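[1] Based on what follows, work out the 3D shape:
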Amino acid sequence: MVTAGDGIGDDAAGLLLAVYQELRRRGVSDFEEVRRQLGLAPEDYERCRSELLALGLIVPTGQVHATVAAVQDGSWRSEADSVAAIDPEIALLRLLERERERLREHLAEADRAYGTLEVLAGSYLRAEALTRAEAHVEALTDYRRIQQAIEDITDVMQESSAAMHPGRPGRQVPELMLDRDRRQLANGVRVRAVYGRQEAADPEMEEFLGRRAELGVEIRLAPVVPMNMIIADQQFALVPIRPEEPGEGAILARGSALVRPYLSLYEHCWHTATPYGNEAAAEAGGDGLSEQQRAALQMLASGMKDERIARALGVSLRTVSRMISELMQELGATSRFEAGARAVRLGWLD
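    Here you go, the predicted structure:
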């Protein structure tokens, strides 16, 4: 078997590249079909398949995609020889991660040297790989390819995950999402999700959201969620090709220049949504506002500073600060902007 560390002749490398390019063009396909189309001999078929699997450039897939861990430990079983093609940069990042794990297990005595390698491989090379993809868009129309893209993003995420979901997940998706949550949170990733308030009222959905919240996922509920969206590390964004027809496929945008506008939309939805579990208290709170509190909220929502609010109400700056702090706490808001926006949305200022 040819492995990542073996020398590969020019002819073998050319054949391997041709097979990978055809698989990459298809996204998700039957490896046997590619073999027949390219006229591969049995030994070439086995060598190319083994080499692409070893390099992480393909993973087996079926009705449910394979995780990298399942491929590595041999537990994956599929009813057909279907594979999903993996982006070369994602495969490179995974290869680096596997090398880091090997070093942790077998080179504990070389801790200082490993620290240097970690900085070089974990920071410099990953940053270089993502910079090269500053503006790249890929249309994904196969459901299995979309799920594989989510799995790929999960594996390389380092800082934050931000998602919004206008509907309920499919039958098989909840457990996959919970597994991704565990992996992301274990790696120190901040995980956020916005759901529709109406959908969240369903008993099964309520149980699912409760399980996510128990794991440590930050969840908020909004009256309207515009589209499905997943954003990772301000470098990847997965959004529908047509929000009104989510079944048509998704767009995978890579690079901060493309992701920033989606992140701005997400932050707006996040700050105007209600933290999960605080909905009832926030909805009921508006009836008990005093005239002074209502006036302060109206001025806060209009963007006025504390000094101007204090002069308008004829009270001290300290009183205004305390009043706004209490209102933010009752609204479950973490900022002045969020408090004003949520007060308007909840009808406290009508």
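[2] thinking Gln37 is in contact with Arg25, fair?
    No: using Cβ atoms under 8 Å, Gln37 is not in contact with Arg25; the gap is 11.0 Å. (Each C-beta comes from the backbone N, C-alpha and C, glycine too.)
[3] per-residue confidence at Ala139?
    Reading off the confidence values, Ala139 has pLDDT 88.
[4] go on, Arg180?
    For Arg180, pLDDT reads 89.
[5] which ones are touching Ala301?
    Gly340, Ala341, Ala343, Val344, Leu349 (Cβ atoms under 8 Å, 6 or more residues apart in numbering).
[6] Could you do Ala201 as well?
    With Cβ under 8 Å, 6+ apart, Ala201 has no contacts at all.
[7] Check Ala310 too.
    So Ala310 contacts Ser316, Leu317, Thr319, Val320 (Cβ under 8 Å, 6+ apart).
[8] what's the answer for Pro275, then?
    With Cβ under 8 Å, 6+ apart, Pro275 has these contacts: Glu218, Ile219, Arg220, Gly332.
[9] Can you tell me which of those residues is nearest Met177?
    Using Cβ to Cβ, the shortest approach to Met177 within the contacts of Pro275 belongs to Ile219, at 11.9 Å.
[10] Check the secondary structure at the closest one for me.
    Classification of Ile219 using DSSP: H, G, I helix; E, B strand; the rest coil returns strand.
[11] Output the below-cut-off pLDDT ranges for this structure.
    1-10, 62-80, 106-135, 170-172, 278-288, 350 (pLDDT under 70).
[12] which residues in it form strands?
    Using DSSP state E, the strands of the chain run over 28-30, 58-60, 82-85, 136-140, 160-165, 190-196, 218-222, 229-232, 236-240, 250-254, 274-275.
[13] residues in contact with the closest residue to Asp87 other than its chain neighbours?
    Leaving aside its chain neighbours, Asp87 sits nearest to Asp152 (6.7 Å; criterion: Cβ to Cβ, 6 or more residues apart in numbering). Counting by Cβ under 8 Å, 6+ apart, Asp152 touches Ile86, Asp87, Ile90.
[14] so the first one makes contact with Leu53?
    No: at 10.2 Å, Ile86 and Leu53 do not qualify as touching, with contact defined as Cβ under 8 Å.
[15] what touches both of the two?
    Val59.
[16] Those two: which has the busier surroundings?
    The neighbour comparison of Ile86 against Leu53 (other Cβ atoms under 10 Å) goes to Ile86, with 25 against 16.
[17] Name the nearest residue to the more buried one, sequence neighbours excluded.
    Leaving aside its sequence neighbours, Ile86 sits nearest to Leu57 (Cβ to Cβ, 6+ apart; 5.4 Å).
[18] Surely His26 touches Val34?
    Just to correct that, residue 26 is Arg rather than His. Yes: using Cβ under 8 Å as the test, Arg26 is close enough to Val34 to be in contact (7.4 Å).
[19] Relative to the whole chain's centre, how far out is stretch 258-269?
    13 Å (Cα atoms, centre = their mean, to the nearest Å).
[20] what comes into contact with it?
    Around stretch 258-269, the neighbours that count as contacts under Cβ under 8 Å, 6+ apart are 135-137, 162, 164, 194, 222, 225-226, 229, 231, 234-237, 239, 253.
[21] Which elements pack onto the biggest helix by length in the chain?
    In the chain, with assignment by DSSP state H, the single longest helix is helix 88-106. Judged by 3 or more Cβ pairs under 8 Å, 6 or more residues apart in numbering; DSSP states H and E, helix 88-106 is in contact with helix 111-118, helix 126-132, helix 143-156.
[22] Hey, what's the angle from that helix to helix 143-156? Just curious.
    Inter-element angle recorded for helix 88-106 and helix 143-156: 50 degrees (by axes from the mean of the first three to the mean of the last three Cα atoms, to 10 degrees).
[23] With only the CA atoms kept, save helix 88-106 in CSV.
    Taking C-alpha atoms only, helix 88-106 is exported to CSV below (Å, rounded to 0.1, in the frame of the first residue of the first chain):
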residue,chain,number,x,y,z
PRO,A,88,-7.0,19.5,0.3
GLU,A,89,-6.5,22.2,2.9
ILE,A,90,-8.9,20.5,5.3
ALA,A,91,-7.0,17.2,4.8
LEU,A,92,-3.7,19.0,5.5
LEU,A,93,-5.0,20.4,8.7
ARG,A,94,-6.3,17.0,9.8
LEU,A,95,-2.9,15.5,9.0
LEU,A,96,-1.2,18.1,11.1
GLU,A,97,-3.6,17.3,14.0
ARG,A,98,-2.9,13.6,13.7
GLU,A,99,0.8,14.3,13.9
ARG,A,100,0.3,16.4,17.0
GLU,A,101,-1.5,13.5,18.7
ARG,A,102,1.3,11.1,17.8
LEU,A,103,3.8,13.4,19.2
ARG,A,104,1.8,13.8,22.4
GLU,A,105,1.7,10.0,22.9
HIS,A,106,5.3,9.0,21.9
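[24] Noted, bye for now.
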